[in-house]
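K.L.:
sequence first, then the predicted structure, then my questions.
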Amino acid sequence: MFEKLNTIESDAILGIMTLYNDDNAANKINLSIGVYQDEGGITPVMSSVKKAETKLIKNQLTKTYVGIAGQLKFNQAIETLVLGADHEVIKSQRIATIQTPGGSGGLSVAAHVIQRAKASAIVWASDPTWPNHIPLLSTAGLALKTYPYYDRQSHSIKFDEMLSCLNEANQGDIVLLHGCCHNPCGADLNEAQWSQIADLCLERDFIPLIDLAYLGLGDGLEQDAIGVKVLANKLPELILVVSCSKNLGLYKERVGTTSIISSCLGDKEKAFSNLTNVARSIYSMPPDHGAAIALEVLSNTDLTLEWKKELSEVRERIKNIRYLLSSSLNSVQSNIDFSFIENEKGMFSFLGLSKDQVIELREKYHIYLVESSRVNITGINSKNLDYLIESIARVLS
């Protein structure tokens, strides 16, 4: 039977990681992998997370299941973190949330519920988008189209083109939006643009699906959620997927949520029953450990304050690297104006290099980027910055 299977090409980023791991050069730099790294090149465990985990392990009495929807208090904590406790959606009980195995699991659950609600719905994704969005959504049987988003020449959002394209979306279609810190380009919508999208949602009667994977890594927890709040304030329905991988550093614990905001309590109950039923059919029960840690951090005042301070330090480090990379590159060459890097948000940006230049960086200088020239900003530190700048300048000369 299995001889009839076709070999599937490995993920491009995983392939680059293999090349990097096989490289014995002492000066090699990995800017491809999509996880936060500190100054020492480590993805650290936050102090607040470690304290919460220690308390959890000490007091935990059972390893039994937590239920298909996960920890309800955790789900509520995420709703409050994103929208605020006083938001009308929460007070009117129009939001249904379940705990999921990371943001990827959350997107998968959302896709299957969408397929049940309207199998003919088209999902519109930005060009570019996170590559794994495509298989996560299409595996549920949904058809995808793209809308213009990022201009690689001007390093800006094609907002007018985006609106014009989305004006073709039909009733019940889904528009996938990055809540903040767009992956892979780092270019984010502003509040006025979010408001225009909300108006278009109402006019065309399509539903936004917001992937909020990097809450707190852009401008702050409040600011990074502004798009979700603008849409939730104006629209009767939307879908939200949240990840705790980045802002709490819980990557391997797989912690996330899927929420559906409905127009009324009755529709919310239908949404919740379908969220849990889909989850049951895919993975049955979500993992508990990471969500229990996150809940402890978010429900303990001292730990919350400590976490917010740690997250602020992560955010400021990202901003500082962006400034140093931008200003340093502009000081050694004039082929590309890299000022855009400083203005973009989160962990990722396109450098604007050609595929051949990216390959040259890899083969001559042992610097590993995705061939689109997307870089993980946090892979840069004080030890490798000068070498990186010199190498890019040589490739551009």
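P.N.:
Nice, thanks for sending it over.
K.L.:
mind listing what residue 347 touches?
P.N.:
With contact taken as C-beta atoms under 8 Å, 6 or more residues apart in numbering, residue 347 is in contact with 34, 36, 181, 183, 186, 214, 217, 246, 318, 376, 377, 378. C-beta here means a position set from N, CA and C on the backbone, and glycine is covered the same way.
K.L.:
can you tell me the closest non-neighbouring residue to residue 34?
P.N.:
With sequence-adjacent residues excluded and distances taken as C-beta to C-beta, 6 or more residues apart in numbering, residue 34 is closest to residue 376, at 6.0 Å.
K.L.:
burial check on that neighbour, number of neighbours?
P.N.:
Residue 376 sits with 23 neighbouring residues when counted by other C-beta atoms under 10 Å.
K.L.:
so what's the backbone phi/psi at it?
P.N.:
The phi and psi values for residue 376, taken as degrees, to the nearest 10, are phi -90, psi 110.
K.L.:
wait, it sits on residue 348?
P.N.:
Yes - in this structure residue 376 lies within contact range of residue 348 using C-beta atoms under 8 Å: 6.2 Å.
K.L.:
tell me, what's touching the two both at once?
P.N.:
In contact with both residue 376 and residue 348: residue 34, using C-beta under 8 Å, 6+ apart.
K.L.:
let me see the contact set for the nearest residue to residue 212 once chain neighbours are set aside.
P.N.:
Using C-beta to C-beta, 6+ apart and skipping residues adjacent in sequence, the residue nearest residue 212 is residue 179, 3.5 Å away. For residue 179, the set of contacting residues under the criterion of C-beta under 8 Å, 6+ apart consists of 210, 211, 212, 213, 214, 215, 224, 225, 227, 228, 240.
K.L.:
as CSV, the residues you listed with pLDDT would be great.
P.N.:
Putting the contacts of residue 179 into CSV (pLDDT from 0 to 100) gives the following:
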residue, pLDDT
210, 98
211, 98
212, 98
213, 97
214, 98
215, 98
224, 98
225, 98
227, 98
228, 98
240, 98
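K.L.:
residue 253: which of those residues is nearest?
P.N.:
Sorting these by distance to residue 253 puts residue 213 at the head of the list, at 14.9 Å, by C-beta to C-beta.
K.L.:
and the closest one, how far is that from residue 346?
P.N.:
Separation of residue 213 from residue 346 (C-beta to C-beta, to the nearest Å) stands at 9 Å.
K.L.:
for these two, list the residues in contact with both.
P.N.:
When contacts are counted by C-beta under 8 Å, 6+ apart, residue 213 and residue 346 have 181, 183 as shared neighbours.
K.L.:
I'd like the domain boundaries of the chain, if you could list them.
P.N.:
Each domain of the chain is listed here as a residue range: 2-45+303-396, 65-299, per automatic domain parsing.
K.L.:
to residue 58, which of the ones you listed lies closest?
P.N.:
Comparing these by their distance to residue 58 (C-beta to C-beta), the top pick is domain 65-299, with 11.3 Å.
K.L.:
end to end, how far does the closest one reach?
P.N.:
Domain 65-299 has its terminal residues 21 Å apart, counting by C-alpha to C-alpha, to the nearest Å.
K.L.:
centre of the chain to it, how far?
P.N.:
10 Å (C-alpha atoms, centre = their mean, to the nearest Å).
K.L.:
tell me the pLDDT at the closest residue to residue 186 other than its chain neighbours?
P.N.:
Nearest in space to residue 186, with sequence neighbours left out and distances taken as C-beta to C-beta, 6+ apart, is residue 344 at 3.2 Å. The score at residue 344 is 97. That number is its pLDDT.
K.L.:
ok, residue 344 - contacts?
P.N.:
155, 185, 186, 187, 188, 322.
K.L.:
follow-up on the earlier one: from residue 318, how far out is the residue nearest to residue 34?
P.N.:
Between residue 376 and residue 318 the computed distance is 10 Å (C-beta to C-beta).
K.L.:
repeat for residue 396
P.N.:
For residue 396, the distance to residue 318 (C-beta to C-beta) stands at 24 Å.
K.L.:
more neighbours: which of these two?
P.N.:
The residue with the greater number of neighbours, taking residue 396 and residue 318 and applying other C-beta under 10 Å, is residue 318; the counts read 22 against 16.
K.L.:
shouldn't that one be in contact with residue 346?
P.N.:
Yes - assessed by C-beta under 8 Å, residue 318 is found in contact with residue 346 at 6.9 Å.
K.L.:
shared neighbours, those two?
P.N.:
Shared contacts of residue 318 and residue 346, counting by C-beta under 8 Å, 6+ apart, come down to 217, 377.
K.L.:
so residue 349, which state does it fall into?
P.N.:
For residue 349, the secondary-structure state derived from DSSP: H, G, I helix; E, B strand; the rest coil is strand.
K.L.:
which residue is the nearest non-sequential neighbour of it?
P.N.:
Here the residue nearest residue 349, using C-beta to C-beta, 6+ apart, is residue 186, at 4.3 Å.
K.L.:
how about the contacts made by that neighbour?
P.N.:
For residue 186, the residues meeting the contact criterion (C-beta under 8 Å, 6+ apart) are 341, 344, 345, 346, 347, 348, 349, 350.
K.L.:
is the fourth one in a helix, a strand, or coil?
P.N.:
Put plainly, it is residue 346. Applying three-state DSSP to residue 346 yields a three-state assignment of coil.
K.L.:
which one is it nearest to, not counting chain neighbours?
P.N.:
Ranked by C-beta to C-beta, 6+ apart and with sequence neighbours excluded, the top spatial neighbour of residue 346 is residue 181, at 2.5 Å.
K.L.:
measure the nearest residue to residue 182 once chain neighbours are set aside to residue 344 for me?
P.N.:
With C-beta to C-beta, 6+ apart as the measure, residue 188 is the residue that lies nearest to residue 182, at 5.7 Å, once sequence neighbours are left out. Computed as C-beta to C-beta, the residue 188 to residue 344 distance reads 8 Å.
K.L.:
then residue 230?
P.N.:
For residue 230, the distance to residue 344 - C-beta to C-beta - is 20 Å.
K.L.:
again with residue 97
P.N.:
Residue 97 is 30 Å from residue 344, where distance means C-beta to C-beta.
K.L.:
many thanks, we can stop here.
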